[in-house]
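> Structure here, sequence nowhere to be found:
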C-alpha cells in the first residue's frame, strides 16, 4: 500500500491571557467593530464620524433637499392619520387617559428622529406593550379606584423601560433580547391579539360593567353574564365599522399600491362615527363616547415618577417586561425595512435611541413607545425617505393637541375598539405557526405554550413560559448534542453520516464518529456514554454479520468548537477505556482552541504519535498502513513545531 501524504495539525499562535480575554470580549460586545471607520482618519474626519455615530441625524441632514422633504411630508401626514386614532385607542388599552396616547406620539418621535438609525421606523405606542402595561399595572393597582397612582406608575414603568433599554445599548448587551425567539413571539403575539380582541367586546357590544381580567374564560363569562347590557345601536354601528376597517385592511394587503386606503381608514372612521354620534346624539343615548379632552402640549410629569417602596417593584418589573418587548419589536421592524431598502440599522444605537426617548417620554406625560410595524409599513409605502417623516407626524399631532381636541368629545368607544381589533388581528400569524410545526416541533411547543399561557393564565406568565421553553431548548441542544457514525463515499476522501447518505460505506475495523457541539461539563458525561453506546451497537452489528473486528475509533472534531476541563477529562477517560478494550482512539481535525487545550493539559502526549490527524481520510489511510507488518513505515509527527494560524501543508511521511 502506498503511504498517504499527511499534514501537520498546528497549534494556534501563542497569546497571553489578557489578549484572549480582550478578543473574547470584543467578539461578545463588539462583533460589528463599530470603530472601524475611525481608523487612519484625520482629526476632522474623526470628529465628523463621532457626530454621525452619536447623532445619526448628521448623516442625512447635510444632504437633505426639497425632493426628500416632499416625500417625507406626504408619508408623515399619512402615518399621522393612522397614529392619532391608534394613539387614543392604545392608551385606552393600557388603561390610560386617551390624551396620553397622543402625547406619546409627539415627544418620542422627535427624539428618535435625532438618535435613531432607521429611515422608515415610525415611532409611537403599540398594542402589545400597551396591553402588557395595562395588565401588569392593573393587577397591582386598580386604574378605576386609584387613577392618579396608576398614572404615576405608568410613567415610572416607562422610565425604567427606557433606562433598561438604554443600558442594554450602552453596555452592548443586545444579545439578551435574542432569548425572545421568533417562535416565542409568534405565540405570544397571537395570544395577546386574541385576548385584546375579546376585551374589545366591551366597546363593540356596549357593555358597561366588564371584567378587567385578561384571561379568556373570565372575559367570555363576562360577555355572557352582562348580555342584558348589550346595546343594539352599539352592536350595529360597531360591527359595521369593524367590517369596513377589516375590508380596507385586506385591500391594502392584496394591493400595495392602495396602501392609503387602509392607512386613512381609521381616521376616516373616527371622523364619520364622531359626526354620526354628534348629529344623532338624542337618538343614540346608549353609545359611550370618549368625552371632553383637554387641549395643550405635554405637561411635565417628572414630578409624578414614583420611587417609593410599596409599588416600586411593580413599576420596575413592568418597565423591564414592556421595555424588552418594545425593544424586540422596534429593532425587528427597523431591521426588516433596512433589509428591504438595502441599508443597515445599528442594533445598539437603536436600543439607546428607543431607551432615551422613553426616558424623556416618562418626564413628558408619555408611556412606553417603540417602532410600530403597521405605521412603519405605511411610512415606507407612502414614500418616506428619512426620519423627517417622524418629525412631520409629531408636528401634525401637535396641531391636533393644540386645536382639534374638542372634536373628539363625541368619538364613540366602539370605533376605538374596532380600530384596536383591526390592528391586532394582524398579529395572529397562523402561517408561521404552521411552518414551525413542519420545521421544528420544539419551537412549535414554545409557540403553543406562549399562546395558551397568555390565553388561560396571564400575559406575563405566558411570556415567561415561552422564554423558559426556549431556554430549555438551548439547554437540550447543549447537553444532548448530535452525534453520528460516518462512512466513506466511494472513490473520495469524503466521510458523511451513514443515515443521511446511502452511498456512504462503513470502513472495516473502524468506527468513525462525529460530534456536532462543543464539549463542556454539561454534556461530557452524556457524550462518553453515547460514544460507548455507539461502540456497543457497532460490536453487536459486527457479531451479527461476522465482519472485521474493531481496531480503531476515530472522532471527527470538526464541529467541536470548544472544550473545557471536564471535556478533556472525558476524552482522557474514554481513551483509557478504549485502550483497555484494545481499541485505539484517534482525533481528526481539532479546532485551534481545542488543540490549545489539549496541548496545555498534556493530553496530546497520551494520545501517541498516531492519535491526531488533520482529516478523517488521512487518519484512516495512515492507520491502515501502520497496522500492516511493515517495520519501515514511519509514524507521523504529532504537532508542528512552530505555531501558525493556518494548517501547515508540509508532508509527513
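Arrived safely, thanks for sending. Predicted model only: the values in this text are computed from it and were never measured. Residues are numbered from 1 along each chain as shown.
> Which of the helices and strands in the chain ranks last by mean pLDDT?
Here the helix or strand of the chain ranked lowest by mean pLDDT, DSSP states H and E is helix 17-29, holding a mean of 72.
> Quick check: next helix or strand after it?
helix 43-54 (DSSP states H and E).
> That following helix packs against which elements?
Judged by 3 or more C-beta pairs under 8 Å, 6 or more residues apart in numbering; DSSP states H and E, the packing partners of helix 43-54 are helix 57-60. The way it works is simple: take the backbone N, C-alpha and C, and place the C-beta from them, glycine included.
> please redo it, this time with the cut-off set to 10 Å
helix 57-60, helix 347-362 (3 or more C-beta pairs under 10 Å, 6 or more residues apart in numbering; DSSP states H and E).
> Can you give the distance of the shortest one from its chain's centre?
What it means is helix 57-60. 27 Å (C-alpha atoms, centre = their mean, to the nearest Å).
> Likewise for stretch 483-491?
37 Å.
> Which residues outside it are in contact with it?
With contacts defined as C-beta atoms under 10 Å, 6 or more residues apart in numbering, stretch 483-491 is touched by 494-507, 510-517, 526-527, 530-531, 533-534, 537-538, 554-556, 588, 616-617, 620.
> Of those residues, grab the buried ones for PyMOL.
To isolate in PyMOL the members of the contacts of stretch 483-491 that are buried, counting by 16 or more other C-beta atoms under 10 Å, one can use:
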select buried, resi 494+495+496+498+504+506+507+510+511+512+513+514+515+517+527+530+531+534+538+554+555+556+588+616+617+620
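> Out of the contacts of stretch 483-491, which sit inside helices?
Among these, the members falling in helices (DSSP state H) are 526, 527, 530, 531, 533, 534, 537, 538, 616, 617, 620.
> re the thing from before, please name whichever of the helices and strands packed on helix 43-54 is nearest to residue 170.
With C-beta to C-beta as the criterion, residue 170 lies closest to helix 347-362 of the helices and strands packed on helix 43-54, at 6.3 Å.
> residues touching residue 316, list them.
Counted by C-beta under 10 Å, 6+ apart, residue 316 has contacts 156, 157, 159, 160, 161, 163, 164, 307.
> Among the residues you listed, which are located in helices?
Those of those lying in helices (DSSP H): 156, 157, 159, 160, 161, 163, 164.
> which element is the residue nearest to residue 120 when sequence neighbours are not counted on?
Nearest-residue entry for residue 120: residue 337, 4.1 Å, with adjacent residues in sequence omitted and distances by C-beta to C-beta, 6 or more residues apart in numbering. Assessed by DSSP H and E, residue 337 sits inside helix 309-340.
> buried sites along that helix?
For helix 309-340, by 16+ other C-beta under 10 Å, it's 311, 314-331, 333-338.
> For it, what is the distance to the chain centroid?
So, by C-alpha atoms, centre = their mean, the centroid of helix 309-340 is 11 Å from its chain's centroid.
> That one vs helix 347-362, what angle?
Put simply, helix 309-340 runs at 140 degrees to helix 347-362, going by axes from the mean of the first three to the mean of the last three C-alpha atoms, to 10 degrees.
> need the helices for the stretch 151-300 of the chain, in chain order.
For the stretch 151-300 of the chain, the helices defined by DSSP state H, counting those that start in this stretch cover 182-199, 201-205, 216-225, 232-254, 259-279.
> Identify all contacting residues around the third one.
Outside helix 216-225, the residues that touch it by C-beta under 10 Å, 6+ apart are 191, 194-195, 197-199, 201-202, 205, 207, 209-213, 215, 230, 452, 454-456.
> if we can go back for a sec, the helices of the stretch 151-300 of the chain: which one's closest to residue 45?
Using C-beta to C-beta, the nearest of the helices of the stretch 151-300 of the chain to residue 45 is helix 182-199, at 39.7 Å.
> so that closest one versus helix 309-340, what angle?
Using the same axes, to 10 degrees: helix 182-199 against helix 309-340 is 110 degrees.
> Now do helix 182-199: which elements does it pack against?
Using 3+ C-beta pairs under 10 Å, 6+ apart: helix 182-199 touches helix 66-93, helix 127-140, helix 216-225, helix 309-340, helix 413-424, helix 430-439, helix 441-456, helix 459-479.
> ok now it, how far from the chain's centre?
Worked out by C-alpha atoms, centre = their mean, helix 182-199 lies 16 Å from the chain centre.
> So for it, mean pLDDT?
Mean per-residue pLDDT for helix 182-199: 84.
> Identify the residue spatially nearest to residue 617, adjacent ones excluded.
residue 493 (3.5 Å).
> now do residue 41
Here the residue nearest residue 41, using C-beta to C-beta, 6+ apart, is residue 49, at 6.7 Å.
> Make sure that neighbour is actually in contact with residue 40.
No. Judged on C-beta atoms under 10 Å, residue 49 makes no contact with residue 40 at a distance of 11.8 Å.
> Pick out whichever of those two has more residues nearby.
For the pair residue 49 and residue 40, the greater number of neighbours falls to residue 49 (16 against 6), based on other C-beta atoms under 10 Å.
> Quickly note the distance from that one to residue 320.
33 Å (C-beta to C-beta, to the nearest Å).
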